[in-house]
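>>> could you work out the structure for the sequence below:
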Amino acid sequence: MWSIHLGLIPDGNRRWAREHGLPPLEGHRRGAQVMENFLKWCLKNEIEEVSVYLLSIENILKRPRGELEEIFKTLSYYLDRLATDEIVHENHIKIRVVGKINELPSRVEDSAKRAEESTKHYKRHFLNLLVAYGGIDELLKCIQVLSKKKRGRITKELLEENLWISRPLDLIIRTGGECRLSNFLLYQSAHAQIFFIKKYWPDFTKEDLEKCLEEFKKNSACCEELSEQTPYRENY
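Residues are numbered from 1 along each chain as shown. Okay, the predicted model is just below:
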């Protein structure tokens, strides 16, 4: 098992569809198919935890209602598939759907609950699906919870205990050519290596993932070597 936390921002579905003369829905459908393969590739590479940015709060506010309805249908369909998927259960993948789920259509919320309930006892792999999510919103909610608890001074440890996803990210892959995080797991991304890929998400391949993982390994090894060679010295 490779004990890393991989973050994914699968961007470019709509632009891919536009360039192929297709409606946005076809881009989202193609993207969902690639996502299924991506999760299998992660299992093959024995990645322990994956967090995927499926739908941001900004997406919900900006996208046309008709397109959102189709996205919600696709989300519900694939969440229901995950709940009964043999690969999920054979590999003991715990699924969490993170975000303002209660503000989504009831069919999406129900599908999310089924996927979570069917995998709640698993501890080998972890799949976090970020839906109606925003990093700033997560931090605000976390601080509000801590304020209500009246636990005195808010420490780093207390903050991390109350985050929706507590584990830091080791690496982030963003497709679509945009070089920004777009409100994705802001606190957890503090020390992550970030790989920006020009390809649109529907064109992402197993080889693309493995290139990112190989580069991540090289960078991590270099950092460890520098850390060992350069002793820590306090500044006075």
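>>> for R107, which non-adjacent residue is closest in space?
Closest residue to R107 apart from its sequence neighbours, by CB to CB, 6 or more residues apart in numbering: S76 at 4.8 Å. C-beta: built from backbone N, CA, C; applies to glycine.
>>> no, scratch that, I was asking about P10
Nearest non-adjacent residue to P10, counting by CB to CB, 6+ apart: W201, 4.0 Å away.
>>> for the residue nearest to R107, give me its contacts.
With contact taken as CB atoms under 8 Å, 6 or more residues apart in numbering, S76 is in contact with P105, R107, V108, D110, S111.
>>> just the pLDDT at it, thanks.
Per-residue confidence at S76 stands at 96 (pLDDT).
>>> buried stuff in the helix or strand harbouring it?
Element membership of S76, judged by DSSP states H and E, is helix 65-84. Buried residues in helix 65-84, counted by 16 or more other CB atoms under 10 Å: L68, E70, I71, F72, T74, L75, S76, Y78, L79, D80, L82, A83.
>>> how about those residues in JSON lines, adding distance to S147?
Output for the buried residues of helix 65-84, formatted as JSON lines (distance: CB to CB, whole Å):
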{"residue": "L68", "distance to S147": "33"}
{"residue": "E70", "distance to S147": "39"}
{"residue": "I71", "distance to S147": "34"}
{"residue": "F72", "distance to S147": "33"}
{"residue": "T74", "distance to S147": "37"}
{"residue": "L75", "distance to S147": "32"}
{"residue": "S76", "distance to S147": "35"}
{"residue": "Y78", "distance to S147": "36"}
{"residue": "L79", "distance to S147": "33"}
{"residue": "D80", "distance to S147": "37"}
{"residue": "L82", "distance to S147": "35"}
{"residue": "A83", "distance to S147": "35"}
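>>> what's the closest of those residues to H5?
Of all the buried residues of helix 65-84, H5 sits closest to L82, with 19.1 Å by CB to CB.
>>> dump the residue contacts of the closest residue to the closest one other than its chain neighbours.
The shortest distance from L82 to any non-neighbouring residue, by CB to CB, 6+ apart, is to A115 (4.7 Å). Contact analysis of A115 by CB under 8 Å, 6+ apart lists L79, D80, L82, A83, I95, V97.
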